[in-house]
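Visitor: Any chance you could fold what I've pasted below:
(one chain, ligands or ions: 1)
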Amino acid sequence: MDGENGQLHIFFFPYLAHGHIIPMTDMARLFVARGVRATIVTTPLNSLFISKAIAKRKTDPDNRINIKTIKFSSAEAGLPEGCERADSIPSPALAIDFFKATEMLQEPLEQLLLEENPNCLIADVFYPWANDSAAKFGIPRIVFHGTGFFSLCAAECINLYEPYKKVSSESEPFVIPNLPGDIKMTSMLLADFVKSDGETDVKKLWREAKESEEASYGVIVNSFKELEQAYVDHYCKAFGRKAWHIGPVSLLNRDNVEKVERGEEAAIDEHECFKWLDSKKPNSVVYVCFGSIADFTETQLKEIAIGLEASGQNFIWVVKRSKNEIQDKEEWLPEGFEKRTKGRGLLIRGWAPQLLILDHESVGGFVTHCGWNSTLEAVCAGVPMVTWPLSADQFYNERLVTQVLKIGVAVGVKKWVRVVGDSIKWEAVEKTVSRIMVGEEAEEMRNRSKKLACLARQAMEEGGSSYSDLNALIEELG
Ligand code: UDP
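Guide: Purely as a prediction, here's the structure:
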């Protein structure tokens, strides 16, 4: 299947969201470091972030990754001009319009496949039509999900066995059938579309995504075997999928520039951030960040602030207010909060250099929404987590962290909410933050997490499980 000059050429086509673009860019860099030619296909606005993330990297000093842009007319789809990423969708109700609008990418993608003639298309699961596109050019399509094996298995089991139909109330716990580990869940933690019998637009998208996964050449997963071995086996054996685990891909980012230049421009100067972190003792700072999309009501933000203050811990808190709210009023911040927490609390309003922060030795815990990238990044940093899921695969990731790996405690979210969270009281924030930061339980979780961090590094080193699986995939495609 060799391309021009015998060099394998792969197209990477991430969904339009930071949580997909960031790991897929790292992934393309990994392939290039093994001598593969890589082209990332995206929209003009997103290409700016990608160019920044691939510029002058040690793993690719000659900047060999090619970026090809295709137009995404958000206005045509009834979305605001320049809405090219999931985090810029103005309201959660428009998410499905955004999904549908991405279908307009099929034709220009196929034009590029025709011109560039790659050997393989690694396309996001949210482009179910990508199988057909690849088939037109006689090349394999590999699916990228952006999540781990545990959540892939859990979602599949829920879908197959519908355990939520066998409980008497939405809050009655059930064990996910046929999933190793006796994992508990409730119906309230599942998205409505999962439980609905009728065919909604979102349900249709998920069904098509599932079907295209089953019909694809295989699945590439940003995870490592040692983290979730039972679920790697289950996914491949019980569900008969062909899958390669090649992560954690974020470990490719070793120096500070690499750790900072991911996603948006950081809202804090990297040196200032470092100086602040350097002034703190090891494991004494809790980092609070909920990814690129999740948002909270003002009431919830206030509860977080009070909880953080009451915990007495040092903290870095990343706050992203929704775009349509007045940014400078900040009525959600308790009176005098910043003054009282001066020196021990740092508020980042906007994008944080997350990898840089998590990898700093002074950071000892992470309050996270359990996005898969954030979860893996915490594992790589060896820190325990307070889990605060909102939607998507986040409740499954929470279960992996709290019930399987035992490296985190749940803040206590009881309901799937899609984007805007508002249910947690400050007492729960204070209590769970203290539990992951100080005391015997925190130490035990930290030790377990540190062991996993070591295993993650080994997996990515020459001869490690992820290193070898990537080699196996390249050989198979070559
Ligand atoms: N991220 C970051 N700074 C921020 C917010 C997010 O660097 O202020 C990065 C984070 O390190 C991760 C990605 O954005 O790599 C978010 O992906 P995740 O799967 O955790 O959550 P999502 O944003 O998809 O909900």
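
Visitor: C-alpha from now on. contacts and neighbour counts both.
Guide: Noted.

Visitor: Assign Glu172 to helix, strand or coil.
Guide: Each residue gets one of three states, and Glu172 gets coil by DSSP: H, G, I helix; E, B strand; the rest coil.

Visitor: State the number of residues packed around it.
Guide: 14 (other CA atoms under 10 Å).

Visitor: Equivalent analysis for Glu462, please.
Guide: 11.

Visitor: Can you tell me the closest non-neighbouring residue to it?
Guide: Excluding its sequence neighbours, the residue lying closest to Glu462 (CA to CA, 6 or more residues apart in numbering) is Ser468, at 7.5 Å.

Visitor: just Ser466 next, same as before
Guide: Ser466's closest residue in space is Ile246 (CA to CA, 6+ apart), at 4.3 Å.

Visitor: Show the contacting residues for that neighbour.
Guide: The contact partners of Ile246, by CA atoms under 8 Å, 6 or more residues apart in numbering, come to Ile220, Val221, Asn222, Ser223, Phe224, Met460, Ser465, Ser466, Tyr467, Asp469, Leu470.

Visitor: I'd say the third one and Gly148 touch.
Guide: Yes. Between Asn222 and Gly148 a contact is recorded at 6.6 Å, counting by CA atoms under 8 Å.

Visitor: Mind checking what secondary structure the residue in the stretch 51-200 of the chain positioned nearest to the ligand has?
Guide: Across the stretch 51-200 of the chain, no residue is closer to the ligand than Gly146, which sits at 7.3 Å (CA to the nearest ligand atom). Under three-state DSSP, Gly146 falls in the coil class.

Visitor: what about it, how many neighbours?
Guide: 23.

Visitor: if we can go back for a sec, neighbour-wise, which of Asn222 and Gly148 wins?
Guide: More crowded of Asn222 and Gly148, by other CA under 10 Å: Gly148, with 27 against 24.

Visitor: Can you tell me the closest non-neighbouring residue to that one?
Guide: In space, Gly148 is closest to Ser223, 5.9 Å off (CA to CA, 6+ apart).

Visitor: contacting residues around the one you found?
Guide: Taking CA under 8 Å, 6+ apart, one finds Gly148, Phe149, His245, Ile246, Gly247, Pro248, Val249, Leu376, Ser466 in contact with Ser223.

Visitor: Max pairwise distance over those residues: which two?
Guide: Taking CA to CA as the measure, the contacts of Ser223 span a maximum distance of 15.0 Å, between Phe149 and Val249.

Visitor: measure stretch 39-48 end to end?
Guide: Start-to-end span of stretch 39-48 (CA to CA, to the nearest Å) is 15 Å.

Visitor: And for stretch 345-362?
Guide: For stretch 345-362, the end-to-end distance is 13 Å (CA to CA).

Visitor: Could you do stretch 398-406 as well?
Guide: Termini of stretch 398-406 sit 10 Å apart (CA to CA).

Visitor: Any buried residues in it, and which?
Guide: By neighbour count on 16 or more other CA atoms under 10 Å, the buried set for stretch 398-406 is Glu398, Arg399, Leu400, Val401, Thr402, Gln403, Val404, Leu405, Lys406.

Visitor: May I ask you to confirm that the second one is in contact with Gly181?
Guide: No. Counting by CA under 8 Å, Arg399 stays clear of Gly181, with 10.4 Å between them.

Visitor: which strands and helices sit next to the longest helix anywhere in the chain?
Guide: Determined from DSSP state H, the single longest helix within the chain is helix 440-460. On a contact count with 3 or more CA pairs under 8 Å, 6 or more residues apart in numbering; DSSP states H and E, helix 440-460 meets helix 372-381, helix 426-437, helix 465-477.

Visitor: Show me how far that helix is from its chain's centre.
Guide: Centroid separation for helix 440-460 versus its chain: 20 Å, with CA atoms, centre = their mean, to the nearest Å.

Visitor: tell me the mean pLDDT over that helix?
Guide: The average pLDDT for helix 440-460 rounds to 98.

Visitor: contacting residues for Ser171?
Guide: By CA under 8 Å, 6+ apart, Ser171 lies in contact with Thr186, Ser187, Met188.

Visitor: follow-up on the earlier one: ok, so of the buried residues of stretch 398-406, who is nearest the ligand?
Guide: Nearest to the ligand among these, with distances taken as CA to the nearest ligand atom, is Glu398, at 12.2 Å.

Visitor: Can you give me every residue that contacts that closest one?
Guide: Contacts of Glu398 by CA under 8 Å, 6+ apart are Cys370, Thr387, Trp388, Pro389, Ala410.

Visitor: Find the residue closest to the third one in space, skipping its chain neighbours.
Guide: The shortest distance from Trp388 to any residue that is not its chain neighbour, by CA to CA, 6+ apart, is 4.6 Å, and that residue is His369.

Visitor: and the one you found, how many neighbours?
Guide: By other CA under 10 Å, neighbour count at His369 equals 24.

Visitor: Would you list the phi and psi of it?
Guide: phi -80, psi 0 (degrees, to the nearest 10).

Visitor: Tell me which residues touch it, please.
Guide: Taking CA under 8 Å, 6+ apart as the test, what His369 contacts is Cys289, Phe290, Gly291, Ala294, Thr387, Trp388, Pro389, Leu390, Gln394.

Visitor: can you rerun that using 7 Å?
Guide: Phe290, Gly291, Thr387, Trp388, Pro389, Leu390, Gln394 (CA atoms under 7 Å, 6 or more residues apart in numbering).

Visitor: now, which of the residues you listed sits nearest the ligand?
Guide: Nearest to the ligand among the contacts of His369, with distances taken as CA to the nearest ligand atom, is Gly291, at 3.8 Å.

Visitor: Find me the pLDDT at the closest one, would you?
Guide: On pLDDT, Gly291 comes in at 96.

Visitor: circling back: possible to save the contacts of His369 as CSV with neighbour count, secondary structure and distance to Pro173?
Guide: As requested, these are arranged in CSV below (neighbours: other CA atoms under 10 Å; DSSP: H, G, I helix; E, B strand; the rest coil; distance: CA to CA, whole Å):
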residue, neighbour count, secondary structure, distance to Pro173
Phe290, 23, coil, 26
Gly291, 23, coil, 28
Thr387, 29, strand, 18
Trp388, 25, coil, 18
Pro389, 30, coil, 17
Leu390, 26, coil, 18
Gln394, 23, helix, 17
